[in-house]
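Enquirer: Next comes the sequence, and after it the predicted model I'd like to discuss.
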Amino acid sequence: MKPKDNTSTSVNSTAIRGIVRKETPDPARKPVPVATGRKKPVDETGRELKYKTRSTVYSVTIAVVYITLILIASAFLSFFILSVGNDIFALQKTERTAEIDLGKYPTVIDVSNELADKGIIRYPWVFRLYARRKLDDGQEFIPGTYTVSSKQNYDSLINTFLAKTGERQIVTVMIPEGYTVDEIIDLFISEGIGTKEGFVDAIENGQYDYEFIKRLDSAPKNPNRRYRLEGYLFPDTYYFYTDWSEEQVINKLLDNFDTKMAKEYYTFIDKSGYTLDQYLMIASLIQKEAYFTSDMELVSSVIHNRLKNPKAYPKLECDSTVLYALNVHKTDITASDLEYNDPYNTYVYDGLMPGPICNPGWSAIYTAMNPAETQYYYFVSRVNGEMLYGKTLAEHNKNVATVRAEQKKN
């Protein structure tokens, strides 16, 4: 009898004759989740997976909060609109009266702040916006003391500070670039504004609160300077009341100049080695000498080059300074004119003049601070207004000969 060959039977299962054999677990193999009869899904470890769900109560709560916030914001906005409207139209305001004192040059900002400080209005910024839309060109508040009431609406308040405007005459005055103080005064007088004496006093003695005036007045005074504010009366088109004082008129021109002088220009000037007044002297020369704006940078370079080389070029030799010294208008300057002994004559005196010789426009002022980089030391004007430039005296003499030839042809 042959013994049984146990190897002849192939067994792939782990179960033999009802006996279960445990296999050694593979540590790299993750356990398979076993169904436990639970209805909800489980994770790999058999723990129940939970999902966040928003209940009906939660959704309703969010909706209520959202609607409440909208209602609150709407209520605040409505209250603000009603409050502003009440301030503008004085519909339901507690009566209060106050005296408002407007100084020499009252602005919309000054008036609005004064009204708010006295409790006449609640929103000064709204008054400013409203007033600026209501005021016509040339209309400005009149200095004086006024009694006003919180029961007055914005229109009534504005009209109070414009009392008698219907009886006042407004004139338009266009001041050309390069006009002198004397020419500006004559222009105002021709329009029925002020007197010669009044303007001279306002120019020489008027008190004006501007940075450039502080700088001008703090510098040593040159006794040869013709007018204190020559160079600062900014040329532009203006609207004036004919009953304005000379000081009010001059202040408006100075205020315009102040708007052009941004802070960065003062910073530049303080680092440049020149004062603002000196730049205005240079600008006045540029304004008078350059017929075309395109020539201003080059004319400026000639002036700056000479100022930087005082040993070789002590005198600026500008014809425009001779005419200012003579206080005349003419095209032909004689040899005797060039020798006229006056501190403004740059053929006789070294360096810059005692003050500007006109009131320059912004292009001339800008190019005075920003000259072109050249080696030019001479310029001469042609018949058509164009400029010819020279680096040496020989080049300049050649240019002068060209100009004289053109003049003979004409």
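Expert: Done, it's in.

Enquirer: Going by C-alpha atoms from here, please, whenever you check contacts or count neighbours.
Expert: OK.

Enquirer: which helices and strands sit right next to the strand or helix carrying residue 283?
Expert: Following DSSP states H and E, one finds residue 283 within helix 276-289. Contacts defined by 3 or more CA pairs under 8 Å, 6 or more residues apart in numbering; DSSP states H and E place helix 276-289 against helix 296-308, helix 319-326, helix 362-369.

Enquirer: Name the surrounding residues that touch the first one.
Expert: Judged by CA atoms under 8 Å, 6 or more residues apart in numbering, the contacts made with helix 296-308 from elsewhere in the structure are 282-283, 286-287, 289-290, 312-316, 351, 363-364, 367-368, 370-379.

Enquirer: try 6 Å this time
Expert: Helix 296-308 has contacts (CA atoms under 6 Å, 6 or more residues apart in numbering) with 290, 313, 367, 368, 371, 372, 376, 377.

Enquirer: Surely the fifth one forms part of a strand?
Expert: The reference is to residue 371. No: in this structure, residue 371 is coil, not part of a strand, as judged by DSSP: H, G, I helix; E, B strand; the rest coil.

Enquirer: what's the angle between the helix holding residue 283 and helix 296-308?
Expert: 130 degrees (axes from the mean of the first three to the mean of the last three CA atoms, to 10 degrees).

Enquirer: okay, the angle between helix 276-289 and helix 319-326?
Expert: For helix 276-289 against helix 319-326, the angle by the same axes, to 10 degrees is 100 degrees.

Enquirer: Reformat the contacts of helix 296-308 into JSON lines and put neighbour count and pLDDT next to each item.
Expert: Listed next are the contacts of helix 296-308 as JSON lines, based on neighbours: other CA atoms under 10 Å; pLDDT from 0 to 100:
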{"residue": "290", "neighbour count": "22", "pLDDT": "96"}
{"residue": "313", "neighbour count": "16", "pLDDT": "96"}
{"residue": "367", "neighbour count": "23", "pLDDT": "97"}
{"residue": "368", "neighbour count": "27", "pLDDT": "97"}
{"residue": "371", "neighbour count": "18", "pLDDT": "97"}
{"residue": "372", "neighbour count": "18", "pLDDT": "97"}
{"residue": "376", "neighbour count": "21", "pLDDT": "97"}
{"residue": "377", "neighbour count": "21", "pLDDT": "97"}
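
Enquirer: now, which of those sits nearest residue 72?
Expert: Residue 72 lies nearest to residue 367 out of the contacts of helix 296-308, by CA to CA, at 58.0 Å.

Enquirer: for this structure, longest helix please?
Expert: In the chain, with assignment by DSSP state H, the single longest helix is helix 56-89.

Enquirer: all strands in the stretch 201-350 of the chain, in order from the N-terminus.
Expert: 237-241 (DSSP state E, counting those that start in this stretch).

Enquirer: Give me the below-cutoff pLDDT ranges for it.
Expert: Along the stretch 201-350 of the chain, the model assigns pLDDT under 70 to no residue.

Enquirer: Walk me through the domains of this structure.
Expert: Domain assignment for the chain, taken from automatic domain parsing, gives 57-167, 170-260, 270-409.

Enquirer: now, of those, which is deepest in the fold?
Expert: domain 270-409 (a mean of 18; mean count of other CA atoms under 10 Å).

Enquirer: And that domain, how far out from the chain middle?
Expert: Here domain 270-409 is found 30 Å from its chain centre; the criterion is CA atoms, centre = their mean, to the nearest Å.

Enquirer: how long is that domain end to end?
Expert: 49 Å (CA to CA, to the nearest Å).

Enquirer: Then stretch 381-399?
Expert: With CA to CA as the measure, the ends of stretch 381-399 fall 9 Å from one another.

Enquirer: List the single closest residue to residue 111 in space, sequence neighbours excluded.
Expert: Once flanking residues are discounted, residue 111 sits nearest to residue 102: 7.2 Å by CA to CA, 6 or more residues apart in numbering.

Enquirer: I figured the one you found hits residue 142, correct?
Expert: No: between residue 102 and residue 142 there is no contact under CA atoms under 6 Å: 7.5 Å.

Enquirer: in a helix, that's where residue 145 is, yeah?
Expert: No: going by three-state DSSP, the assignment for residue 145 is strand, not a helix.

Enquirer: quick one, what contacts it?
Expert: With contact taken as CA under 6 Å, 6+ apart, residue 145 is in contact with 100, 101.

Enquirer: change it to 8 Å
Expert: Counting by CA under 8 Å, 6+ apart, residue 145 touches 99, 100, 101, 102.

Enquirer: May I ask you to confirm that the third one belongs to a strand?
Expert: I take that to be residue 101. Yes: counting by three-state DSSP, residue 101 is located in a strand.
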